[in-house]
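Q: dropping the sequence and predicted coords here.
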Amino acid sequence: MMGKALEIRELLRKICGVDNEGLVFFNATIVSVDDETCTIDRNGLQFTDVRLGAVVDGNTNNLIIKPAEKSMVLIADLSDGLMRDLAVIGWSEIDTITINGGTNGGLTITPTLVRELN
């Protein structure tokens, strides 16, 4: 059984264009964005539950940067090439930035504010 799992893993890595071991970085396109995660597309293969922050735990005492849908993002594969623990670490377009849940001294930067700041 383990042989099949390794074979599937290797095939997925080749489909995604990831052929090296260790920490892997790649570009992807945002399909959809949720509260703490997003769905990305990489070479026609979609990955769900990609982290927008350091951890996904429902805690609002953090920083969440939400990319715009259909924008490009840089993804870090934190599972040494297994493609199961992915996080967004770079953004081509940002929809919102929320600090501390946007309350109690936190800040939500909306697209309107971003335009005004630019």
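A: That came through fine.
Q: what pairs with the longest strand along the chain, parallel or antiparallel?
A: As assigned by DSSP state E, the longest strand anywhere in the chain is strand 24-33. Each strand pairing with strand 24-33, determined using DSSP bridges, is listed with its direction: strand 37-42 (antiparallel), strand 72-77 (antiparallel).
Q: for residue 100, find the nearest of the ones you listed.
A: Comparison of the strands paired with strand 24-33 against residue 100 by Cβ to Cβ identifies strand 37-42 as nearest, at 18.9 Å. Heads up, the C-betas are built off the backbone N, CA and C, glycines and all.
Q: tell me how far the most centrally placed residue in the chain lies from residue 103.
A: Geometric centre of the chain, nearest residue: residue 88, 3.1 Å, by Cα atoms, centre = their mean. Taking Cβ to Cβ, to the nearest Å as the criterion, residue 88 is separated from residue 103 by 23 Å.
Q: what's the answer for residue 37, then?
A: When Cβ to Cβ is applied, the distance between residue 37 and residue 103 equals 21 Å.
Q: who's more crowded, the two?
A: When neighbours are counted by other Cβ atoms under 10 Å, residue 37 and residue 103 differ, and residue 37 comes out ahead with 18 against 11.
Q: ok, that one - contacts?
A: Taking Cβ atoms under 8 Å, 6 or more residues apart in numbering as the criterion, residue 37 is in contact with 48-52, 56.
Q: what residues are bridge-paired with it?
A: Taking DSSP bridges, one obtains residue 51 as the residues bridged to residue 37.
Q: across the sheet, point out what pairs with the closest residue to residue 64 other than its chain neighbours.
A: Take residue 64 and drop its neighbours on the chain: the residue closest to it by Cβ to Cβ, 6 or more residues apart in numbering is residue 98, 4.7 Å away. Each beta-bridge partner of residue 98 is listed here: residue 64, residue 108, as defined by DSSP bridges.
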